[in-house]
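[1] Only the shape, not the letters, is given here:
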């Protein structure tokens, strides 16, 4: 094989694929949601332990500042979660206000209104944090 003068030929290495912001968010959601389901262990509304899902008091798309705030999210069974999203928000609100103080709820509401634009580094830090929290709670539950 001939090579140009003064130049070395290197084997082409595959480029390391960079994760998109959306892919990182999805991974954080996965770890966060599993953490919430394990933490609560049962639906906070009816006590069912089957088909648990992670429900956000302040919606994660409408209020992204509290998307991964652990006291803004709780385990709900699929039925209660579905009903919550079909206009039955009062049941979840009643549970929240009976569980937390009004002062806390005011602070959570205020936090949910904050601007939240996270860069790649912030998101990667959150991913490490939530994977760590998930690992810890799994160890505790064993």
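    Thanks, I have the structure now. Note that the coordinates shown come from a computational prediction; the quantities given were computed from them, not determined experimentally.
[2] For residue 46, which non-adjacent residue is closest in space?
    residue 80 (5.6 Å; C-beta to C-beta, 6 or more residues apart in numbering). Every residue, glycine included, has its C-beta placed from N, CA and C.
[3] Does that neighbour lie in a helix or a strand, and which?
    helix 78-85 (DSSP states H and E).
[4] Which helix or strand lies directly C-terminal to that helix?
    Trace forward from helix 78-85 with DSSP H and E and the next one is helix 89-99.
[5] For the next helix or strand after that following helix, what is the distance to the chain centroid?
    Next along the chain after helix 89-99, taking DSSP H and E as the criterion, comes helix 102-112. Chain-centre distance of helix 102-112: 19 Å, with C-alpha atoms, centre = their mean, to the nearest Å.
[6] Go through helix 102-112 and flag the buried ones.
    105, 108, 111, 112 (16 or more other C-beta atoms under 10 Å).
[7] same deal with stretch 63-73?
    Buried-residue list, stretch 63-73, by 16+ other C-beta under 10 Å: 63, 64, 65, 66, 67, 68, 69, 72, 73.
[8] Cool, thanks, talk later.
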